[in-house]
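Peer 1: Return a 3D structure for these sequence lines:
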Amino acid sequence: MMKRRALHLLRNIGIVAHIDAGKTTLTERILYFTGKSHKIGETHQGNSQMDTLKPEIEKGITISAAATQTEWQVNGQTHRINIIDTPGHVDFTIEVERSLRVLDGMVMLFDAVAGVEPQSETVWRQSQRYAVPAIAYVNKMDRPGSDFFTVIQQMKDQLGANAWPIQLPIIKDNAFVGVVDLLSREALVWSKETGQAQSTAIPAELLESVEFHRNALLEELASTDEALLDRYLDQSNSIREEEWQASLRSAVVQRSMVPVLAGAAYKNIAVQPLLDAIGLYLPSPLDTPSTEGLDPGNQQSIERAVDPEAPFAGLVFKVILDEQNRRLSFFRIYSGRLAAGDSILNVRTGKKERISQLYQMHANKRTELQEAFAGDIVASLSLKQTRTGDTIADMKAPILLESLYVPKPVMGVAIEVVKTAQLDKLGLALARLAEEDPTFKVAHNQETGQTIIQGMGELHLEIVLDKLQHDFGVAVNIGQPQVSYFERLQETGRQWGRLKKQSGGPGLFAEMDVELGPADPAFLADPSNGRLQFIDKVVGGNIPKSLIPFVEKGFRTAMESGPLAGHPLESLKVTLWDGKTHSKDSKPLAFELCAQNTYREMARDLAPQLLEPLMQVEVQTPEPYLGTVIGDLNRRRGLIKGQRLEHGRIVVHAEVPLVEMFGYVSHLRSSTAGRGTFNMQLRGYTAVNKLATHQA
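Peer 2: Numbering: from 1, shown residues only. As a prediction, this is how the structure comes out:
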């Protein structure tokens, strides 16, 4: 049974960063130093406790977010820490997205040499979407070229974070050996043999720097805390360390400051102070006193207290298939309690489900629970009808919680079964994989009869195809990669649309005065709005209110096929001004079909434009190959945005259409003698130029 602890001692945190910053390495050290594990696993050795999938072990990267929990004493109080170790590769950004949706705080990792990298910016934007407080950990301080203060400045400049060091690194004989805590003035040096810290005097060469940065930190804290400001201006020595810690915690919870720590997880240096900071500064579930949602009956806003005695409410943030292909649903409990045997309501489907078992997760291992409480992150095999983003709630007190943002797929490949007898098996497997991963989509091309699978990149689809073969036993042939294009209307137009099918007996009649064009930028700025901006301006009941939703439905369906090449519209704004009805023949279907026909008639005259995904690409290469790399990017329709020298290597920044990046990794390796590396992420969508139109 799960131990119940005071909620103020619970921490639900994620560890997030750019790929290869050391997230899993840090998580392994946390588990070791907290006593959760007795041996440190390593990603490069394939024995990490958190990376358990076959592709994760083979590639040495995290693909699926893994949950675990441990305990750590801070100031004599035992804190329970639920940890989610997330992927850093852009192809698996949904794993970060859904993790951040249910977490109270996060540890943002940075490579002390590379600093703020492209995926660091993506993860930071995701955390801002869900208002997740953060502390930062500058990892790999043991590497040559590490620069603690440069990383902090990059956090300020590139992320807009109010980042402040709360430690200074101790460098001895050009090696990172420990840290000085700025609030306590305690210096700690780690033993290479034991991985344990010893308190020592602050090195003489650091004394001046410690006092300078300590005073700057205290001034910043005092300026945000009126209770401390007068006392600080009077005599700062009268303020106890615990008061400064409380002030810093308040600033972190309010997201007005990001404290920055230094460490080298792989060398087991300065992991324990990070654990202390998690307990001291990151929020508990009680720091968000209530959870907001909607009453599914009347769509009114309601709140649910973060209290074990309140009615149960939880959010399913992840659904995966376990080793036996059973649906394992992960969910965060926001209020109330849940016991094995309880019945709950899936608010989306309106159906009852019974929780026959509850589990606490440690990567791919499960511990059965009898009961779980508000603030807990648990899993169950019992939820047969749930999808990612579903709310589960008390049968008698339903609430609909905010779901999560799901990015659109950017590329796809055509697949077909090797053996026709496996066609049904393929359909079942694809449906199960789509349930597990919201960014994975399946489409059927009516013209060619092909099945198209879509995802976030080549690696994402490679993993999906690997699962098809090894987990479901379905062998497929793979076609050429395809890009997910969009279309955009550049102009706005207004027209009177008419549908009349009346030839005696039951008929169809609908008329509508509509204006079509691109959605407003302010509307698109909120991802939760979707792509259709529908405005009802009908007055006088010329179109009954009961028929308006079917007009909207018709346009929503129609915009999935653009006038140029049948690609979905990026956005559509529909303003319904007026209309006419017939007493007998104006059925819902009539207005739905009229909307679709009117769209098809108007869209081709509103300056449609084809859009393709544009990638932000960063290539690292030794200087002798720079000309080759830039020339190749130019041939790929790339726009070079800049370059910089970083530790003997040139980093080239460019924007390149995704369609031109297929197979780039092997080409880059061959053209740079295996020494070039690159990463990319979606920058947005851009108009396809005339030279590239044939590829669409």
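Peer 1: give the contact list for the residue most central in space within the chain.
Peer 2: Centroid-nearest residue in the chain, with Cα atoms, centre = their mean: residue 97, separated by 1.9 Å. Counting by Cβ atoms under 8 Å, 6 or more residues apart in numbering, residue 97 touches 126, 404, 405, 406, 407. The way it works is simple: take the backbone N, C-alpha and C, and place the C-beta from them, glycine included.
Peer 1: Need phi/psi at the second one.
Peer 2: When quoted as degrees, to the nearest 10, the phi and psi of residue 404 stand at phi -130, psi 160.
Peer 1: hmm, back to that, secondary structure of the residue nearest to the centre of the chain: a strand, I assume?
Peer 2: No - counting by DSSP: H, G, I helix; E, B strand; the rest coil, residue 97 is not found in a strand; it is helix.
Peer 1: Can you lay out the contacts of residue 97 as TSV showing distance to residue 417, neighbour count and pLDDT?
Peer 2: Output for the contacts of residue 97, formatted as TSV (distance: Cβ to Cβ, whole Å; neighbours: other Cβ atoms under 10 Å; pLDDT from 0 to 100):
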residue	distance to residue 417	neighbour count	pLDDT
126	36	23	82
404	33	22	76
405	33	18	76
406	28	16	77
407	29	16	74
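Peer 1: Next, the buried residues of stretch 167-181.
Peer 2: 167, 168, 169, 170, 171, 176, 177, 178, 179, 180, 181 (16 or more other Cβ atoms under 10 Å).
Peer 1: go on, stretch 414-428?
Peer 2: Per 16+ other Cβ under 10 Å, stretch 414-428 contains these buried residues: 414, 415, 417, 422, 426.
Peer 1: Check those residues against residue 133 and report the nearest one.
Peer 2: residue 415 (42.5 Å; Cβ to Cβ).
Peer 1: pretty sure that closest one contacts residue 477?
Peer 2: Yes - in terms of Cβ atoms under 8 Å, residue 415 counts as a neighbour of residue 477; the distance is 6.8 Å.
Peer 1: what ranges do the strands span in the stretch 1-150 of the chain?
Peer 2: For the stretch 1-150 of the chain, the strands defined by DSSP state E, counting those that start in this stretch occupy 10-16, 66-74, 77-85, 105-111, 134-139.
Peer 1: deepest of the ones you listed, which one?
Peer 2: Ranked by mean neighbour count, the strands of the stretch 1-150 of the chain are led by strand 134-139 with a mean of 28 (mean count of other Cβ atoms under 10 Å).
Peer 1: residues making contact with it?
Peer 2: Contacts for strand 134-139 (Cβ under 8 Å, 6+ apart): 21-22, 25-26, 105-112, 127, 146, 148, 151-152, 155, 161, 163, 252, 255, 258-265, 274, 277-278, 281-282.
Peer 1: what angle separates it from strand 10-16?
Peer 2: In terms of direction (axes from the mean of the first three to the mean of the last three Cα atoms, to 10 degrees), strand 134-139 departs from strand 10-16 by 50 degrees.
Peer 1: in its sheet, what does strand 134-139 sit against?
Peer 2: Paired neighbours of strand 134-139 in the sheet (DSSP bridges): strand 105-111 (parallel), strand 258-262 (parallel).
Peer 1: Look up the closest residue to residue 297, ignoring the ones flanking it.
Peer 2: Of all residues not flanking residue 297 in the chain, residue 398 sits nearest, at 7.6 Å (Cβ to Cβ, 6 or more residues apart in numbering).
Peer 1: For that neighbour, list the residues it contacts.
Peer 2: Residues near residue 398 by Cβ under 8 Å, 6+ apart: 295, 296, 297, 345, 347.
Peer 1: Now a PyMOL select for only the buried ones of those residues.
Peer 2: To isolate the buried members of the contacts of residue 398 in PyMOL, using 16+ other Cβ under 10 Å:
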select buried, resi 296+345+347
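Peer 1: from the contacts of residue 398, which has minimum pLDDT?
Peer 2: The pLDDT minimum for the contacts of residue 398 sits at residue 297, where the score is 83.
Peer 1: helix/strand/coil for that one?
Peer 2: coil.
Peer 1: thought residue 538 was touching residue 575?
Peer 2: No - using Cβ under 8 Å, residue 538 makes no contact with residue 575, being 10.1 Å away.
Peer 1: Let me have the buried residues of stretch 167-181 in CSV, extended by distance to residue 214.
Peer 2: What follows is the buried residues of stretch 167-181, written out as CSV (distance: Cβ to Cβ, whole Å):
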residue, distance to residue 214
167, 11
168, 9
169, 15
170, 15
171, 18
176, 20
177, 20
178, 17
179, 13
180, 9
181, 9
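Peer 1: What is the nearest of these to residue 592?
Peer 2: residue 167 (62.0 Å).
Peer 1: so how far is stretch 421-429 from its chain's centroid?
Peer 2: Offset of stretch 421-429 from its chain centre (Cα atoms, centre = their mean, to the nearest Å): 30 Å.
Peer 1: Which stretches in the stretch 401-550 of the chain count as helices?
Peer 2: Listed in chain order, the helices of the stretch 401-550 of the chain (DSSP state H, counting those that start in this stretch) span 423-436, 458-470, 521-524, 548-558.
Peer 1: In the stretch 151-300 of the chain, where is pLDDT below threshold?
Peer 2: For the stretch 151-300 of the chain, residues meeting the criterion pLDDT under 70 lie at 235-237.
Peer 1: If you rank every helix and strand of this protein by mean pLDDT, what lands last?
Peer 2: The weakest-scoring helix or strand in the chain, judged by mean pLDDT, DSSP states H and E, is helix 54-59 (a mean of 47).
Peer 1: which ones are touching residue 244?
Peer 2: 183, 218, 221, 228.
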